[in-house]
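> Sequence and predicted model, in that order:
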Amino acid sequence: LKQVFNKDKTFRPKRKFEPGTQRFELHKRAQASLNSGVDLKAAVQLPSGEDQNDWVAVHVVDFFNRINLIYGTICEFCTESTCPVMSGGPKYEYRWQDDMKYKKPTALPAPQYMNLLMDWIEVQINNEDIFPTSVGKCKEK
């Protein structure tokens, strides 16, 4: 388990919602509905009177945290030698492009691709213009 929580690995600690905030309350409501065995379609519906952007932001962050946890449990089995290509089965290969270091789609070993992907997602989630921490201030697209 020590390797799973190594800060140099892709696994990152959960992003938390500040207790006492509206998003914290939305997070608790989302968790309760998902853990209660209710219909998933009903569980993800926007609660009456809540801001849709805040509700989506809460679920995006929760999804990121869950994927992070899942990846953290398997990353030790997927090394550059055992997973030399980021693929989705034999027919699909994912290539990284970020317009900074990788200006063209570039084949990378799966762990390197995942590190870049998780870093990119974390930057997006922490970008106040995309996911403001103040409730009700999400930008409309």
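Structure received.
> which residues of the chain fall in helices?
With DSSP state H, the ranges of helices along the chain come out as 22-35, 40-43, 52-74, 110-125.
> Let me have these in CSV, extended by mean neighbour count.
All C-beta atoms are positioned from the backbone trio N, CA, C, and that covers glycine. Formatted as CSV, the helices of the chain follow (neighbours: other CB atoms under 10 Å):
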stretch, mean neighbour count
helix 22-35, 15
helix 40-43, 10
helix 52-74, 16
helix 110-125, 16
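> Tabulate those in CSV, adding columns for distance to Y94.
Output for the helices of the chain, formatted as CSV (distance: least, CB to CB, whole Å):
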stretch, distance to Y94
helix 22-35, 28
helix 40-43, 27
helix 52-74, 14
helix 110-125, 6
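> State the mean pLDDT of stretch 67-87.
For stretch 67-87, the mean per-residue pLDDT is 90.
> any idea how far that stretch is from the chain center?
Put simply, stretch 67-87 sits 16 Å off its chain's centre (CA atoms, centre = their mean, to the nearest Å).
> ok, now stretch 108-127?
For stretch 108-127, the distance to the chain centre is 9 Å (CA atoms, centre = their mean).
> Could you tell me the average pLDDT over it, please?
Stretch 108-127 shows a mean pLDDT of 93.
> Give me the residues contacting it.
Contact partners of stretch 108-127, identified using CB atoms under 8 Å, 6 or more residues apart in numbering, comprise 10, 12, 15, 60-61, 64, 68, 71, 75, 78-80, 83-87, 94-96, 98, 102, 130-131.
> Pretty sure A30 sits against A57.
No: the pair A30 / A57 is not scored as a contact, 11.0 Å apart, by CB atoms under 8 Å.
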